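> Here is the input, now give the coordinates:
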Amino acid sequence: MAVVVVTGTGTEIGKTVVTAAVAATALAAGRSVAVLKPAQTGLEPGEPGDAAEAARLAGPLTAVELARFPEPLAPATAARRAGLAPVRPQDVAEAAEKLAAEHDLVLIEGAGGLLVRFDESGSTLADAARLLRAPVLVVAPAGLGTLNSTALTAEALRARELEPLGVVVGSWPAVPDLAARCNLADLPSMAGAPLLGAVPAGAGALAPAEFRARAGSWLGAALGGVWDAAAFALRIA
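Presented below is the predicted three-dimensional model:
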């Protein structure tokens with residue numbers, strides 16, 4: 001997997017921290033990594049964005065941001081209101097291909113959910129994934145409502161001839177409630193893809209050295225880690 005697209009079932013659910021964990025695990029294995037953020041919204045020039053945050057947590061990687069729009073809106077809307085050119089799927093694909101020629105792994109972190117619009121023609125992260133023929137890692141929340149949003153995301157992927165690589169819970173609570181514990185068992189069937197990890201809530205606040213040391217324990221073997229879904233389920237049951 002030279003290129004992996006990381007999408008979420010919504011906003012603020014841990015995509016950046018999951019991206020950083022995957023990157024940290026790959027770096028620990030001796031792989032070179034790039035993180036590509038097609039459209040960063042809600043930040044002014046000079047403020048650290050998601051790609052920079054992934055680098056801060058994961059370690060020495062190439063962080064690339066294609067466009068930045070100051071208002072915290074969907075990329076198409078933010079670009080229009082800022083009077084700036086939007087990012088298009090072809091731009092994302094071309095940037096990813098260039099990075100893949102020089103890195104072992106390229107992680108493309110989307111903005112919000114899979115079908116958030118990049119431009120006025122309705123292009124999305126899924127269109128970039130199709131151009132790249134890249135697997136898509138879905139980041140989902142732990143609690144009530146996640147089954148529906150995960151199933152919808154997986155259905156949207158397959159409708160576009162894309163297969164979800166798997167699901168990672170982006171912020172696993174220290175004290176999971178009944179819904180979270182049940183969702184752990186139900187997420188794979190709703191996604192039609194394996195559960196590939198659970199990143200603990202607050203992981204992004206860890207010191208970078210501790211984050212890097214622990215990242216592999218949050219992710220399954222398909223992502224280079226040692227996390228085991230069955231053992232995790234038994235431990236929190």
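> Going by contacts, tell me the helices and strands next to the helix or strand containing Ala20.
Using DSSP states H and E, Ala20 sits within helix 15-28. Under the contact definition 3 or more C-beta pairs under 8 Å, 6 or more residues apart in numbering; DSSP states H and E, helix 15-28 sits against strand 3-8, strand 33-41, helix 50-58, strand 105-113, strand 136-140, strand 164-172, strand 195-200, helix 208-214. C-betas here are computed from N, CA, C, even on glycine.
> any idea which of those is most buried?
strand 136-140 (a mean of 28; mean count of other C-beta atoms under 10 Å).
> to the chain's geometric centre, what's the distance from it?
6 Å (C-alpha atoms, centre = their mean, to the nearest Å).
> same deal with stretch 90-107?
With C-alpha atoms, centre = their mean, you get 16 Å for stretch 90-107.
> and it, average pLDDT?
For stretch 90-107, mean pLDDT rounds to 97.
> in that stretch, what's buried?
Asp91, Val92, Ala93, Ala95, Ala96, Leu99, Ala100, His103, Leu105, Val106, Leu107 (16 or more other C-beta atoms under 10 Å).
> any idea which element the fourth one lies in?
Read it as Ala95. According to DSSP H and E, Ala95 maps onto helix 89-100.
> how about Pro48, phi and psi?
phi -70, psi 130 (degrees, to the nearest 10).
> so it makes contact with Arg56?
Yes: Pro48 lies in contact with Arg56 (C-beta atoms under 8 Å); the separation is 7.4 Å.
> Could you tell me the angle between the helix holding Ala95 and strand 3-8?
With axes from the mean of the first three to the mean of the last three C-alpha atoms, to 10 degrees applied, the angle from helix 89-100 to strand 3-8 works out at 130 degrees.
> Pull the distance from helix 89-100 to the chain's centre.
The chain centre lies 17 Å from the centre of helix 89-100; the measure is C-alpha atoms, centre = their mean.
> angle of that helix against strand 33-41?
Using the same axes, to 10 degrees: helix 89-100 against strand 33-41 is 150 degrees.
> what angle sits between helix 89-100 and strand 105-113?
150 degrees.
> Run through the neighbouring helices and strands of helix 89-100.
Using 3+ C-beta pairs under 8 Å, 6+ apart: helix 89-100 touches strand 33-41, strand 62-69, strand 105-113, helix 125-132.
> can we see that at 10 Å?
Contact here means 3 or more C-beta pairs under 10 Å, 6 or more residues apart in numbering; DSSP states H and E; on that basis helix 89-100 packs against strand 3-8, strand 33-41, strand 62-69, strand 105-113, helix 125-132.
> Can you give me the neighbour number for Ala159?
Neighbour count for Ala159, taken as other C-beta atoms under 10 Å: 9.
> show me the contacts for it.
Residues near Ala159 by C-beta atoms under 10 Å, 6 or more residues apart in numbering: Ala126.
> and the helices and strands packed on helix 89-100 as a markdown table, adding distance to Ala140?
Formatted as a markdown table, these follow (distance: least, C-beta to C-beta, whole Å):
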| stretch | distance to Ala140 |
| --- | --- |
| strand 3-8 | 7 |
| strand 33-41 | 20 |
| strand 62-69 | 24 |
| strand 105-113 | 10 |
| helix 125-132 | 16 |
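> closest one to Pro75 among those?
Ranking the helices and strands packed on helix 89-100 by proximity to Pro75 (C-beta to C-beta) places strand 33-41 first, at 3.8 Å.
> Done for today, thanks.
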